[in-house]
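> Quick one, what's the 3D model for this:
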Amino acid sequence: MNHSKSLLNNGYQLVFLLSDLGFPISNNLFGQLTIAIDLCRFAHKDFKEVDIYILTSGTYTKTCISKNIRVIHTNDPFIDPSAYKRELGKILKNKKPTIATSFMIHRDAAAVYELSKLKKTFSNLLLLIGLYCTAREYFYDELPIRNFISQKAKDYILAKNKYTAAMKRYLTMMLNENSIDKYLVLNEYTKKAYLAKELRRIIPPDKIYVIRGGADEKLFKPITNKQKMLIRKKYMLDERKFILCFGTRFTQYKGADILEEILNYYNNNIIAPTFLFPLYPNSDTVLLSNKLLGYKKLLEKNKIKFFLDLSRQKCLLQRDWPTLYKKTCLDIDSFIKNLPTESKKYIEKNYLGVLDFPYYHLANIVLRPSIADSQAITLFESALCNCPAYGTNRTGFYHDLDELREYSVKLPSNIQIFNRYSDYKTHQYNDSVKSVAEEFVHMINKEMENFEKKLDPVHTRELVIRNGFTSKAMVKRHVQLYKSLFANL
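Prediction:
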């Protein structure tokens with residue numbers, strides 16, 4: 001009997017570590033859950049004897065998955081870093097070869113450090129960590145380093161964007177090369193970011209595995225012009241009007257500064273698209289509401305509208321969907337009522353409601369001018385719907401798909417991530433933001449001209465599928481990695 005055969009008889013265990021799924025409107029976190037569920041389904045096909053667990057702090061997970069997967073609820077590892085360690089320690093007592101995967105290192109960093117200690121006790125544990133953040137400063141800002149250094153030291157690091165000895169000690173502890181077997185990245189762009197000189201000595205290049213990200217080609221697919229017309233009619237949007245959707249949260253690293261300049265241009269222009277903004281009941285929406293009053297001409301023409309996207313959640317939650325829908329409507333209504341009075345009246349007037357279908361079907365183009373994004377999943381989703389998606393050269397999407405680079409704008413080097421402690425509004429920075437916004441305006445105007453000429457947008461769906469940037473292809477690459485790791489035990 002060969003080694004792999006004996007391992008098969010002993011069985012395997014797969015454990016997925018998911019955080020914060022108790023917040024039902026987080027598309028990013030539901031994206032993690034989608035991957036985990038698909039991985040579970042494929043794993044049962046490829047590994048005949050496998051025990052699958054999902055360790056989660058969320059409340060909606062249980063209704064999304066099949067009966068042969070065990071769900072263990074834990075405390076949020078952001079609050080209780082040892083939560084995963086306690087539960088995973090119980091699972092590992094079975095002595096089966098086990099792969100544990102955490103998708104969000106910047107959220108679960110302290111928990112990862114706790115998990116790495118288990119390697120000393122359980123040699124059958126393989127720990128895989130997702131490195132999905134590309135901007136060095138943003139990566140540092142998100143890490144819960146308060147567990148290792150003083151708040152005063154943290155403030156200094158973040159304010160100066162400094163890679164200090166304290167930060168190095170923390171990262172060395174957390175990303176110990178002897179405790180983590182593979183670091184998963186979504187694309188070559190992210191891998192390159194993590195091979196910067198600061199991290200090169202901590203993360204061995206041969207342990208970085210490019211898993212290549214993707215979107216759900218079944219959920220995100222084109223619809224006919226007639227269907228688009230009916231959807232617009234339902235939401236009282238003129239089918240003759242050009243609609244631009246901002247495909248992400250309104251925050252600095254997602255390109256809020258650039259978008260402000262674009263809005264300012266069209267606020268002073270006779271011809272302008274209708275802007276669609278996703279709403280989230282968090283500080284990003286509060287920031288957006290405060291900025292809106294600077295674009296009163298657009299607001300008074302009803303050129304800025306808002307929506308809440310729950311398309312992924314409806315697809316996953318199924319029997320719990322009516323409950324989630326009702327609760328979310330109440331939550332977002334309550335949130336809007338507490339916004340500043342003057343901006344609130346515009347949001348209430350132009351709020352389309354909850355969308356349970358991909359919002360790309362309402363848009364003529366999608367804009368995501370990110371300063372730093374490892375993946376920018378909305379660009380993949382938009383492309384799968386054959387909706388033109390415009391972004392920057394600092395996303396993995398345009399690095400991996402050469403054929404779509406014409407849809408990206410190259411950012412000047414001085415446009416960087418600056419965290420909440422920094423005063424980054426320098427003249428040089430502002431001038432660069434304006435020049436980038438002008439490039440986006442040129443692209444938008446060109447698309448508006450094509451729309452007036454009734455030219456069909458470029459069909460990008462087959463390009464994305466052919467190059468393997470789908471969730472199905474991503475899951476298969478995960479399974480291939482699992483097979484190779486188990487075979488080498």
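> And stretch 388-402, end to end?
Its first and final residues considered, stretch 388-402 spans 15 Å by Cα to Cα, to the nearest Å.
> And stretch 280-300, by the same measure?
End-to-end for stretch 280-300, by Cα to Cα: 23 Å.
> Next, the buried residues of it.
Residues of stretch 280-300 classed as buried: 280-281, 284-286, 288-289, 292, 295, 298-299 (neighbour count, 16 or more other Cβ atoms under 10 Å). Heads up, the C-betas are built off the backbone N, CA and C, glycines and all.
> Show me which residues of stretch 481-489 are buried.
Buried positions in stretch 481-489, judged by neighbour count with 16+ other Cβ under 10 Å: 481-482, 485-486.
> So which of those are in helices?
Among the buried residues of stretch 481-489, the members found in helices (DSSP state H) are 481-482, 485-486.
> So which of those is the closest to Asn75?
Nearest to Asn75 among these is Tyr482, at 27.2 Å by Cβ to Cβ.
> Go ahead and confirm that closest one touches Gln13.
No. Tyr482 is beyond contact range of Gln13, at 10.9 Å (criterion: Cβ atoms under 8 Å).
> Residues in contact with both of the two, list them for me.
Common neighbours of Tyr482 and Gln13, counting by Cβ atoms under 8 Å, 6 or more residues apart in numbering, are Ile99.
> Leaving out the residues flanking it, which one is nearest to Val92?
Heads up, residue 92 is Leu, not Val. Phe122 (4.4 Å; Cβ to Cβ, 6 or more residues apart in numbering).
> Give me the phi and psi for the one you found.
phi -120, psi 100 (degrees, to the nearest 10).
> For it, list the residues it contacts.
Here Phe122 is in contact with 89, 92, 98 (Cβ under 8 Å, 6+ apart).
> same thing but at 10 Å, please
88-89, 91-93, 95, 98 (Cβ atoms under 10 Å, 6 or more residues apart in numbering).
> Kindly report the same for Pro369.
With contacts defined as Cβ under 10 Å, 6+ apart, Pro369 is in contact with 246-248, 254-259, 261-262, 390-392, 394-395, 408-409, 411, 433, 436-437, 439-440.
> for stretch 347-362, the distance to its chain's centre please.
Stretch 347-362 has its C-alpha centroid displaced from the chain centroid by 20 Å (Cα atoms, centre = their mean, to the nearest Å).
> Return the set of buried residues in it.
In stretch 347-362, the ones that count as buried by 16+ other Cβ under 10 Å are 347, 350-352, 354-355, 357-362.
> So which of those residues sit within helices?
Per DSSP H, those map to helices at Ile347.
> What segments of the stretch 301-450 of the chain are helices?
311-317, 321-337, 341-349, 377-384, 396-400, 427-452 (DSSP state H, counting those that start in this stretch).
> Now render those as a markdown table, adding distance to Leu131.
Shown next, in a markdown table, are the helices of the stretch 301-450 of the chain (distance: least, Cβ to Cβ, whole Å):
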| stretch | distance to Leu131 |
| --- | --- |
| helix 311-317 | 23 |
| helix 321-337 | 31 |
| helix 341-349 | 36 |
| helix 377-384 | 16 |
| helix 396-400 | 12 |
| helix 427-452 | 27 |
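> re earlier: between the buried residues of stretch 347-362, which is nearest Asp400?
When those are compared for distance to Asp400 (Cβ to Cβ), Tyr360 wins out at 19.7 Å.
> Ala389 is in contact with that closest one, correct?
Yes. Tyr360 is in contact with Ala389 according to Cβ atoms under 10 Å; the separation is 8.4 Å.
> any shared contact partners between these two?
245, 247, 366, 378, 381-383.
> Are any of the residues you listed buried, and if so which?
Applying 16+ other Cβ under 10 Å to the shared contacts of Tyr360 and Ala389 flags 245, 247, 366, 378, 381-383 as buried.
> Residue ranges in the stretch 151-300 of the chain under the pLDDT threshold?
Applying pLDDT under 70 to the stretch 151-300 of the chain flags the ranges 151-177, 193-201.
> Show me where it has its helices.
Using DSSP H, counting those that start in this stretch, helices in the stretch 151-300 of the chain cover 151-160, 165-174, 188-194, 197-200, 225-234, 256-267, 283-292, 296-300.
> Can you spell out the domain ranges of the chain, please?
What automatic domain parsing lists as the domains of the chain is 3-214+470-487, 225-466.
> hmm, back to that, which one of the buried ones among the shared contacts of Tyr360 and Ala389 sits closest to Val464?
Taking those together and measuring to Val464 by Cβ to Cβ, the closest member is Ala383, at 4.9 Å.
> and that closest one, how far is that from Gly214?
To Gly214, Ala383 is 11 Å away according to Cβ to Cβ, to the nearest Å.
> Over to Gly11?
Gly11 is 29 Å from Gly214, by Cβ to Cβ.
> Same drill for the two, tell me which one is more crowded.
When neighbours are counted by other Cβ atoms under 10 Å, Gly11 and Gly214 differ, and Gly214 comes out ahead with 25 against 15.
> how about that one, what does it touch?
Applying Cβ under 10 Å, 6+ apart, the residues near Gly214 are 35, 186, 375, 377, 380-381, 384, 464-465, 467-475, 477.
> Separate out the buried members of these.
Neighbour counting over the contacts of Gly214 (16+ other Cβ under 10 Å) leaves 35, 186, 375, 377, 380-381, 384, 464-465, 467, 469-471, 473-475, 477 as the buried ones.
> if I look at Leu401, how far off is Val464?
Leu401 is 7 Å from Val464, by Cβ to Cβ.
> ugh, wrong one, Ala473
Distance from Ala473 to Val464, by Cβ to Cβ: 10 Å.
> follow-up on the earlier one: if you average pLDDT over each of the domains of the chain, which is lowest?
Per-segment mean pLDDT for these reaches its minimum on domain 3-214+470-487, at a mean of 72.
> closest to Phe42 among the buried ones among the shared contacts of Tyr360 and Ala389?
For those, the nearest to Phe42 is Glu381 (21.0 Å; Cβ to Cβ).
> Spit out the contact partners of that closest one.
Contacts here follow Cβ under 10 Å, 6+ apart; on that basis Glu381 touches 27, 31, 214-217, 219-220, 247, 311-312, 358-360, 366, 387, 389, 464.
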